[in-house]
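Q: okay, here's the prediction I keep looking at, along with the sequence it came from:
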Amino acid sequence: MQEHEFVSAVKESLGLPDNRSAERAIKATLTVLGQRLEGGEAKDLASQLPGSLADALPNEGGGERFGVDTFYERIAEQEGEGVTVAQARQHARSIAKGLETALTDGEWQNFTSQLPQDYQDFLGTEPVEKH
């Protein structure tokens, strides 16, 4: 998947006004995700992402332990521009679906296996109400 395809898919999924908003949401989500992943998993994940999206992930994951609620709060802070935690949740979940499409099955399994049970909300497939 090319970077512009990933950004466009997120923009359309979320009904965002422009690519810049989608890029901001993607990079915020990936940055916070990189803080949560351990060891080389962030680098492995980055190796399968297109263009500058990969740059949002650190070479080494921080392995910092925090729950999914904190995950969404940090994404909202990273996005800025008045993004609420509810909106950050919606953005992150859409981006998770994009990642599932962009990654190989093996990398998706490696990535998701590092996340605790409460992150099933982030990875969930049920519809998310738009805010």
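A: Nice, I can see it. Quantities reported herein were computed from a predicted structural model and do not represent experimental measurements.
Q: what residue lies at the spatial centre of the protein?
A: The centroid of the chain falls nearest to Thr29 when counting by C-alpha atoms, centre = their mean (3.8 Å).
Q: residues in contact with Gly31?
A: You called it Gly, but residue 31 is Thr. Residues in contact with Thr31 (C-beta atoms under 8 Å, 6 or more residues apart in numbering) are 56-57, 78. (Each C-beta comes from the backbone N, C-alpha and C, glycine too.)
Q: same question but for Asp118, I mixed them up
A: Going by C-beta under 8 Å, 6+ apart, the list of residues near Asp118 reads 67-69.
Q: still on that earlier bit, Pro116: which of the contacts of Thr31 is nearest?
A: Nearest to Pro116 among these: Leu57, at 19.2 Å, using C-beta to C-beta.
Q: what about that closest one, how many residues close to it?
A: 23 (other C-beta atoms under 10 Å).
Q: hmm, it is touching Gln35, no?
A: No - at 9.7 Å, Leu57 does not count as touching Gln35 under the criterion of C-beta atoms under 8 Å.
Q: which strands and helices sit next to the strand or helix carrying Glu12?
A: Using DSSP states H and E, Glu12 sits within helix 3-14. Secondary-structure packing of helix 3-14 (3 or more C-beta pairs under 8 Å, 6 or more residues apart in numbering; DSSP states H and E): helix 19-36, helix 51-55, helix 85-102.
Q: give the buried residues for it.
A: By 16 or more other C-beta atoms under 10 Å, the buried positions in helix 3-14 come out as 3, 6-7, 9-11, 13-14.
Q: how about stretch 17-28?
A: For stretch 17-28, a neighbour-count test (16+ other C-beta under 10 Å) marks 21-28 as buried.
Q: need those in JSON lines with distance to Gly82, can you?
A: What follows is the buried residues of stretch 17-28, written out as JSON lines (distance: C-beta to C-beta, whole Å):
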{"residue": "Ser21", "distance to Gly82": "12"}
{"residue": "Ala22", "distance to Gly82": "16"}
{"residue": "Glu23", "distance to Gly82": "17"}
{"residue": "Arg24", "distance to Gly82": "12"}
{"residue": "Ala25", "distance to Gly82": "13"}
{"residue": "Ile26", "distance to Gly82": "18"}
{"residue": "Lys27", "distance to Gly82": "17"}
{"residue": "Ala28", "distance to Gly82": "13"}
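Q: this completes my enquiry, with thanks.
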